[in-house]
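Enquirer: Okay, predicted coordinates and the sequence, questions at the end:
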Amino acid sequence: MRDEEMNAPATGTGIAAEMLHWYDRNARDLPWRIPPGDAQTPDPYRIWLSEVMLQQTTVAAVKDYFHRFTARWPTVADLAAADDGAVMGEWAGLGYYARARNLLKCARVVTQAHGGQFPDSYDGLLALPGIGPYTAAAISAIAFDQPETVLDGNVERVMARLYDIHTPLPAAKPALRDRAAQLTPAHRPGDYAQAVMDLGATICTPKSPACGICPLREPCAARQAGTANDLPRKTPKNPKPTRHGTIYLAQRTDGAWLLERRPDKGLLGGMLGWPGSDWGENAVQAPPIDADWVTLPAEVRHTFTHFHLVLTVRYAEVPPETVPRQGVFVAAHDFRPSDLPTVMRKAFDLWRGA
DNA sequence: CAGTCGTGGTC
DNA sequence: TGACCAAGACT
């Protein structure tokens, strides 16, 4: 390499080459990843599953779920054949439950309309349920080594710093996408995509980035300007209101619990939960069944993306013949608290005294 | 387009 | 301790 090139790493090809060089020595060992240099071909099913799980979710949180899903459903056809309730139960605790509903929809489309093979193109992937611009680019790049540009929170942060872009998100997104697209190499685009995301996750972190050991420290404009820690800028978020509600834990004398399957649309859609009131300013609703209700001495507090929730929990033991107005009784041996979304499990733990 | 949609970790 | 944050999608 000529000195001129050595001193001009701010070119697109120079930066991509630097990224790949760094990735070859620093790629994280992840359950869904084929290490750089390995002759194996990625399994599109595993790449797809991991990418959906990783949407707005940390690697640490995903790992165990990924292992359980792939052990129980090794192929997309296996997943397509699964019961809805089994998939929702296995997803419980991971959050953003629309992902699980779309996951199952997608598995069935791929199995029934695509012969069990994922499309290898960005457009083909984008047409599938639960696959948006980021995930379509990620799967086509990582699983099929197509030169698509991934733009996630990591890449946005790396680009904002590398080019010292001060426009706040989400307005800056088109500019950041342009920069990212310019850097995407034709050679090893899958490894490059993972390299940028690894860099954002381990070096170019949101707070206190490790600029000293960053492979892009020389071309990075924000590091030179001293603005790296303040980028990317973001438009401030709205404050979270607090909502209130009441949920009812009814246990039959034979041990069965009164539960309901929540409607597919909306909060915790498709998940199992305790029947109860709506959550609002001052939600009041008749209990789902006539009983001698006891209000637990503590409340459940839980924070969702856009509001805080305070739940009053009431408990009652009811005789076997009682017919509920809401929900269905689930036999004790069929009830697994791990099937519940976290806020519902908190209520159960509160009753149990955990 | 801006609101909706979870959760656990971090500082 | 509360606010921010994470490999976004959907409406």
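Expert: Yes, it's here.

Enquirer: quick one, what contacts the residue in chain A that DNA strand C sits nearest to?
Expert: Relative to DNA strand C, the nearest point of chain A is A:G132 (2.4 Å; Cβ to the nearest atom of the strand). C-beta coordinates here come from the backbone N, C-alpha and C atoms, glycine included. Going by Cβ atoms under 8 Å, 6 or more residues apart in numbering, A:G132 touches A:L126.

Enquirer: quick one: it from A:A138, how far?
Expert: Separation of A:G132 from A:A138 (Cβ to Cβ, to the nearest Å): 10 Å.

Enquirer: Without its sequence neighbours, what residue ends up closest to A:D145?
Expert: Closest residue to A:D145 apart from its sequence neighbours, by Cβ to Cβ, 6 or more residues apart in numbering: A:G190 at 4.7 Å.

Enquirer: check contacts around that neighbour.
Expert: By Cβ under 8 Å, 6+ apart, the contact set of A:G190 is A:42, A:141-146.

Enquirer: which SS class is the most centrally placed residue in chain A?
Expert: Centroid-nearest residue in chain A: A:Q55, 3.2 Å away (criterion: Cα atoms, centre = their mean). With DSSP: H, G, I helix; E, B strand; the rest coil as the basis, the three-state label of A:Q55 is coil.

Enquirer: Then A:H67?
Expert: helix.

Enquirer: tell me, how many neighbours does it end up with?
Expert: By other Cβ atoms under 10 Å, 11 other residues sit near A:H67.

Enquirer: Check which helix or strand the one residue in chain A that gets nearest to DNA strand B maps to.
Expert: Closest to DNA strand B within chain A is A:G95: 2.6 Å, counting by Cβ to the nearest atom of the strand. Counting by DSSP states H and E, no helix or strand carries A:G95.

Enquirer: anything in stretch A:99-119 near DNA strand B?
Expert: No - against DNA strand B, stretch A:99-119 shows no contacts by Cβ under 7 Å from any atom of the strand, the least distance being 7.8 Å.

Enquirer: average model confidence for that stretch?
Expert: Mean pLDDT, stretch A:99-119: 98.

Enquirer: Ok, stretch A:149-161 next?
Expert: Per-region confidence: stretch A:149-161 scores 97 on mean pLDDT.

Enquirer: Show me the contact partners of that stretch.
Expert: If you take Cβ under 8 Å, 6+ apart as the criterion, stretch A:149-161 is touched by A:133-134, A:137-138, A:141, A:165, A:169, A:172-173, A:176-177, A:179-181, A:184, A:193, A:196-197, A:199-201, A:204, A:206, A:209, A:216, A:220-223, A:227-228, A:231-233.

Enquirer: try stretch A:54-64
Expert: Against stretch A:54-64 from outside (Cβ under 8 Å, 6+ apart): A:28, A:30-31, A:50, A:53, A:94-96, A:99, A:134-135, A:201.

Enquirer: which one of these is nearest A:H333?
Expert: Nearest to A:H333 among those is A:L94, at 24.7 Å by Cβ to Cβ.

Enquirer: what separates the residue nearest to the closest one when sequence neighbours are not counted from A:L103, distance-wise?
Expert: Nearest non-adjacent residue to A:L94, counting by Cβ to Cβ, 6+ apart: A:Y65, 5.4 Å away. Separation of A:Y65 from A:L103 (Cβ to Cβ): 11 Å.
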